[in-house]
Structure formats: C-alpha cells, structure tokens
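Peer 1: One predicted model, sequence on top.
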Amino acid sequence: QVQLVESGGGLVQAGGTLRLSCAASGRTFSSYAMAWFRQAPGKEREFVAAISQGGGNTYYAESVKGRFTISRDNAKGTVDLQMNHLTPEDAAVYYCAAKSGIALRVDSTYDYWGQGTQVTVSS
C-alpha cells in the first residue's frame with residue numbers, strides 16, 4: 001500500500017517554472033515505477049512523465065519533452081516534476097501515480113494515486 005501526496009502547484013506566468021513534488025508513504029517506494037499525469041477541465045487525463053524504480057529510465061509526453069524533468073529520491077520517498085517554460089496549455093490538475101513493475105504511459109495500469117495539485121498558467 002502506498003499513499004501519495006502532491007505539493008508545489010500554484011499560479012505562474014507563461015514562460016515561468018514550477019516544481020511539483022510527490023511524497024510517498026510506505027517502505028517499498030523503490031519497488032514502484034512512478035508517473036505524473038494531468039487533467040485539464042473538459043479533457044481526459046493524460047500522461048506527462050514516468051520514471052523507473054531505480055530512476056535510470058525516464059519517459060515523457062511529446063508535449064513536455066525538453067521542458068519537464070522527472071526525478072526521484074528513493075531514500076526520501078519522493079518523486080519530483082520540474083516544469084520549465086510553462087504555457088497556458090500546461091494548466092491542469094497534476095497527479096502523481098505509482099505502479100508495480102515497469103513504467104508505462106497508460107493511467108489505468110497505475111495502482112495508487114495522489115489527490116492532485118492545481119497548476120495554473122497565466123498568459
């Protein structure tokens with residue numbers, strides 16, 4: 001069982017940066033692949049980024065590649081999402097998710113979810 005709590009959302013101007021963090025409870029954090037998804041109003045939830053259990057492999061949606069960076073600290077039980085050059089299209093509720101096994105881009109494969117953190121980008 002893993003409990004996830006996101007933080008770091010807020011209001012930022014276009015072109016700005018935000019760093020989201022997700023803190024996980026439990027002693028087996030390093031056995032989970034982690035990911036960030038987001039959902040904007042009226043849209044389906046979409047994949048943003050994922051990272052393997054050890055952190056050696058990362059995966060990004062094309063829309064964020066080169067601007068966002070996912071990282072994890074297994075000793076601290078955290079996974080972060082550094083977001084640079086934000087645009088209004090990045091505005092959404094961002095969710096942290098965890099799954100056993102390999103990191104995937106499909107949200108239905110993830111077993112545990114946080115409550116989400118709001119990111120608002122003003123133009």
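Peer 2: Alright, I've got the coordinates.

Peer 1: which SS class is residue 75?
Peer 2: Secondary structure state of residue 75, per DSSP: H, G, I helix; E, B strand; the rest coil, is coil.

Peer 1: Next, count neighbours for the spatially closest residue to residue 10 that is not a sequence neighbour.
Peer 2: Among residues not flanking residue 10 along the chain, residue 18 sits closest, at 6.5 Å (CB to CB, 6 or more residues apart in numbering). C-beta coordinates here come from the backbone N, C-alpha and C atoms, glycine included. Using other CB atoms under 10 Å, residue 18 has 21 other residues around it.

Peer 1: So which bits of stretch 100-114 are buried?
Peer 2: 103, 107, 110, 112, 113, 114 (16 or more other CB atoms under 10 Å).

Peer 1: Filter these down to the ones in strands?
Peer 2: Among the buried residues of stretch 100-114, the ones falling in strands (DSSP state E) are 112, 113.

Peer 1: ok, the nearest residue to residue 9 once chain neighbours are set aside to residue 41 distance?
Peer 2: Among residues not flanking residue 9 along the chain, residue 117 sits closest, at 3.4 Å (CB to CB, 6+ apart). Counting by CB to CB, to the nearest Å, the separation of residue 117 from residue 41 is 15 Å.

Peer 1: And these two? Which one has more around it.
Peer 2: residue 117 (22 against 7).

Peer 1: OK, contacts around the more buried one?
Peer 2: 6, 7, 8, 9, 20, 93, 94 (CB atoms under 8 Å, 6 or more residues apart in numbering).

Peer 1: Distance of it relative to residue 67?
Peer 2: 18 Å.

Peer 1: Residue 4 too?
Peer 2: 23 Å.

Peer 1: Then residue 87?
Peer 2: Using CB to CB, residue 87 is found at 9 Å from residue 67.
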